[in-house]
Each structure stands twice: as structure tokens, then as C-alpha cells.
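Undergrad: Any chance you can model this:
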Amino acid sequence: MKNKLLIIICLINNLFAPSILIQNQQQYKRSLNDNVAANNINATYASLLRLNENNQNPKTLKNIFANLYAQYKVQKITAYYLKKFLDNASFQEGKNTIYVDPTVANRLNLDTNTIVSQDRIIFTTIAKAISYISSNNRIILNDQSSWTIYVKQGCYNEDVTIPAGYSINLKGEQLVVLGSGRAPSSTKRNLIWNINNSYPEVTLSLENIWVRNNFTLNYSSTQFQTHSLNLLNSRIEGTLSQSETVGTLYTTIKDSRIESAFSLPSAILTLVENLDLGGAAASTCNQYGYIKTSNISIGLTFQTAYSDENFTESIGFFDCNMAGTFTGNTGSQLKLNKVSNYYFNTNSATLVSATKSIVSE
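TA: Sure, this is the predicted structure:
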């Protein structure tokens with residue numbers, strides 16, 4: 001009986017008592033209005049920061065700022081800050097650009113995980129930025145939602161999970177490390193990409209990202225669907241693998257290093273340049289396309305060469321250092337130019353099932 005009474009009291013409190021979040025939103029909205037009206041620049045800026053901490057919906061913020069700007073744009077210099085927010089790409093529909101920079105919070109001495117600077121929405125962790133995306137009324141069913149997350153250079157001691165249904169471009173400033181540091185003894189963090197084939201096609205792009213541990217593609221549906229993975233100037237220190245062999249994964253890799261063999265049975269290596277591929281065993285893909293100036297030291301297992309009349313690049317391995325065992329389906333071809341064939345023979349690489357074909361670029 002006591003437990004039932006407690007539950008009823010809690011329900012009543014939830015129904016009738018305004019939440020702390022709502023109270024804070026109302027308080028900082030009033031403070032912002034007062035500070036703009038008083039033409040207090042520092043206080044206006046502080047109110048902008050605090051309001052965003054307690055309201056992560058940019059459409060709501062945009063309406064608040066637009067109304068205040070319309071009221072005070074002529075007589076108050078504080079309206080200038082509101083205008084900068086309104087012109088910010090983070091508030092413009094379709095651009096979907098946000099930032100991760102923990103140094104801003106330190107500079108402003110703010111105890112918060114979500115802040116706003118004068119011209120952009122900024123988060124202190126990658127996880128907070130991704131949470132903002134997935135909770136910001138952008139669940140896609142029939143329409144793709146694409147976001148760019150710019151990340152300040154540094155080490156981020158956090159595991160990162162990319163939610164299903166969103167195209168994400170995770171772009172580091174120079175180098176972003178998922179881990180507590182770059183030394184061998186440092187904590188190593190993981191990257192997980194959740195893929196639900198019930199949603200439309202999506203793309204994950206990593207630029208200047210070093211994953212200190214594993215990168216896993218976690219499929220949650222067995223339906224057939226096509227997605228894309230792009231790696232640019234990135235490094236995967238652990239394994240690169242997928243949980244299920246479903247759909248097709250178009251893969252572009254440039255100027256990157258994968259230290260362990262990857263296992264991507266759904267992948268078509270559409271365009272690969274300057275890839276350093278190692279590991280303890282041969283990597284696995286579905287098909288290979290244009291592979292150039294890459295180091296493949298342990299071999300590759302594939303089904304066949306890529307075939308698409310709309311693909312403009314040549315198909316094969318061009319100027320690659322090739323070693324290990326290369327295995328294809330019976331009747332498939334391993335296409336090499338003269339330089340790749342030279343290293344194939346010099347390194348005593350072996351070919352299983354497939355036949356070798358010498359091609360020119």
C-alpha cells in the first residue's frame with residue numbers, strides 16, 4: 001500500500017509541478033529579454049549561453065531570438081548578438097552543422113556540456129553532439145538527414161556511437177583521437193556505427209579521426225540496403241568489422257591506415273588511394289574497384305572485381321605493394337598493373353581460385 005501511495009504522489013508531482021528544465025528555460029528567457037532591453041552586452045551574452053544549456057531545440061531558440069531582434073534591432077547594440085545567432089548556419093534548415101570544442105567551456109569557465117558561442121552551437125564532447133542530433137526531432141523515415149560535426153583537435157576519452165538513420169560527417173581539426181592519449185598505454189576507445197536497413201541509405205564519413213580501438217558496423221536489420229563509408233586521413237588501430245553480412249557498403253578510403261585486417265563482407269572497395277592495410281590475417285570485402293598506391297601486406301579475400309558501367313575509374317590494383325594471400329571466387333580476376341604485379345611476385349604473394357590479369361590504368 002505504501003509503495004502504491006508513493007507511485008501516486010510521484011505521478012501527481014510529474015503532472016502538476018513544472019520541471020527544473022522548464023523553470024530554467026523560462027528564467028533565462030526572461031533574463032535574456034531584460035538584458036537586451038538594458039543594453040547590457042556581457043549579461044546578454046551570458047543569457048544566450050544559459051538559455052541554450054536548457055533548451056537544445058534550435059527552432060525554439062531561433063523564434064525567441066527573432067522576436068527579440070525584431071523588437072530591439074534599431075535601438076539596442078545587444079541585438080547584434082541576436083542577429084549573429086540568426087545568421088548562424090547551425091540554425092538554418094538543411095545545413096545541420098555543429099561543433100565540438102571543450103576548450104570553449106574552459107575559457108568561459110562554464111560548468112556545462114552544451115554551450116553556444118557568438119556564432120555557433122558548440123558541445124564539449126562528441127557524444128553530446130551526437131545526442132543532440134538524435135534527440136532533435138530529426139528521426140528520418142522517408143527523408144535523409146545529413147549532419148556535419150566539426151571536432152576540435154585533441155584526445156577524446158569517450159566511446160562514440162553513431163545513431164541509425166543519420167548521415168554523419170565527423171570531421172576533425174587536424175587530428176582527433178578517440179582515447180585518453182596517443183601513447184601505447186593510453187586508454188583506447190571504440191567507434192560504433194548503428195545501421196538499420198529499414199531506414200533510407202546513409203553515409204558515414206570520417207576525416208582526421210584516429211580510432212584507438214575497434215570500429216564496428218552494427219546492423220540491426222536483415223533487410224537489403226545500400227550505405228556508404230568514407231575514410232579520409234583516418235586511422236583504425238583495432239579491428240574494422242560488421243556484425244552481419246547484409247546490404248551493400250560502398251567504401252572510399254584515402255590517405256588512411258587500418259592496422260588490423262578489416263572484415264567487411266558487404267563492402268565494395270569503390271575507390272581506395274594511399275591505404276596502409278595490415279593485420280594478422282587477410283582482409284575481407286565483397287568486391288574491389290580502383291585501388292591505387294596502397295600497401296596491402298596480408299592479402300585480401302574478395303568475391304569479384306567491381307562492375308558498374310557508371311563507374312569511371314579503372315578497375316584493379318595500381319602501383320600497390322602486395323603481399324600475402326589473395327582469394328577470389330572461382331572464375332574471378334585479380335587485376336594488376338605492371339608495378340603491382342612486380343611487387344606481387346617479389347613478395348611471393350599467392351592467389352587462390354581467381355586468375356591474374358595484367359591491366360593498364
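Undergrad: for the most centrally placed residue in the chain, what are its contacts?
TA: In the chain, the residue lying closest to the centroid (C-alpha atoms, centre = their mean) is residue 170, at 3.7 Å. For residue 170, the contacting residues are 126, 149, 151, 160, 162, 204, 205, 206, 207, 209, by C-beta atoms under 8 Å, 6 or more residues apart in numbering. C-betas here are computed from N, CA, C, even on glycine.
Undergrad: Pick the one among those closest to residue 187.
TA: Using C-beta to C-beta, residue 160 comes nearest to residue 187 of the contacts of residue 170, at 13.6 Å.
Undergrad: Test my guess that the closest one contacts residue 125.
TA: No: between residue 160 and residue 125 there is no contact under C-beta atoms under 8 Å: 9.2 Å.
Undergrad: Comparing those two, which shows the higher neighbour count?
TA: residue 160 (23 against 17; other C-beta atoms under 10 Å).
Undergrad: list the contacts for that one?
TA: 126, 127, 130, 170, 178, 189, 190, 191, 192.
Undergrad: now the stretch 51-200 of the chain, which segments are flagged as low pLDDT?
TA: Applying pLDDT under 70 to the stretch 51-200 of the chain picks out residues 52-59, 81, 84-85, 87-95, 105-120, 136-145.
Undergrad: can you list the domains in this protein?
TA: Using automatic domain parsing, the domain parsing of the chain gives 2-91, 125-243, 261-361.
Undergrad: about what we covered before: ok, now how distant is the residue nearest to the centre of the chain from residue 196?
TA: Using C-beta to C-beta, to the nearest Å, one gets 19 Å for the distance from residue 170 to residue 196.
Undergrad: How about residue 285?
TA: Counting by C-beta to C-beta, the gap from residue 285 to residue 196 is 22 Å.
Undergrad: Determine the longest strand present in this structure.
TA: strand 166-178 (DSSP state E).
Undergrad: Adjacent strands (with direction) for the next helix or strand after it?
TA: As assigned by DSSP states H and E, the chain's next helix or strand after strand 166-178 is strand 191-195. Strand pairing for strand 191-195, determined by DSSP bridges: strand 160-162 (parallel), strand 215-219 (parallel).
Undergrad: Can you lay out those as TSV showing distance to residue 333?
TA: Converted to TSV, these look like this (distance: least, C-beta to C-beta, whole Å):
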stretch	distance to residue 333
strand 160-162	35
strand 215-219	27
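Undergrad: Tell me if residue 86 really is in a helix.
TA: Yes: the assignment for residue 86 is a helix, going by DSSP: H, G, I helix; E, B strand; the rest coil.
Undergrad: Backbone dihedrals for the nearest residue to it once chain neighbours are set aside, both of them.
TA: Excluding the flanking residues, the one nearest residue 86 by C-beta to C-beta, 6 or more residues apart in numbering is residue 65, at 5.6 Å. As for residue 65, its main-chain torsions (degrees, to the nearest 10) stand at phi -70, psi -40.
Undergrad: which of residue 285 and residue 196 has more neighbours?
TA: Shown here are residue 285 and residue 196; by other C-beta under 10 Å, residue 285 has more neighbours (22 against 15).
Undergrad: check contacts around the residue nearest to the more buried one when sequence neighbours are not counted.
TA: Once flanking residues are discounted, residue 285 sits nearest to residue 267: 4.5 Å by C-beta to C-beta, 6+ apart. Contacts for residue 267 (C-beta under 8 Å, 6+ apart) come out as 229, 249, 250, 251, 285, 286.
Undergrad: Among these, which lie within strands?
TA: Using DSSP E, the contacts of residue 267 in strands are 229, 249, 250, 251.
Undergrad: Which two among those residues are spaced furthest apart?
TA: 229 and 250 (7.5 Å).
Undergrad: between those two, which one's more packed in?
TA: The residue with more neighbours, out of residue 229 and residue 250, is residue 229; 23 against 20, by other C-beta under 10 Å.
Undergrad: Against residue 267, how distant is the nearest residue to that one once chain neighbours are set aside?
TA: For residue 229, ignoring the flanking residues on the chain, the nearest one in space by C-beta to C-beta, 6+ apart is residue 251 at 5.0 Å. According to C-beta to C-beta, residue 251 and residue 267 sit 5 Å apart.
Undergrad: Quick check: neighbours shared by those two?
TA: With C-beta under 8 Å, 6+ apart as the test, residue 251 and residue 267 both reach 229, 285.
Undergrad: buried sites along stretch 184-194?
TA: 188, 189, 190, 191, 192, 193, 194 (16 or more other C-beta atoms under 10 Å).
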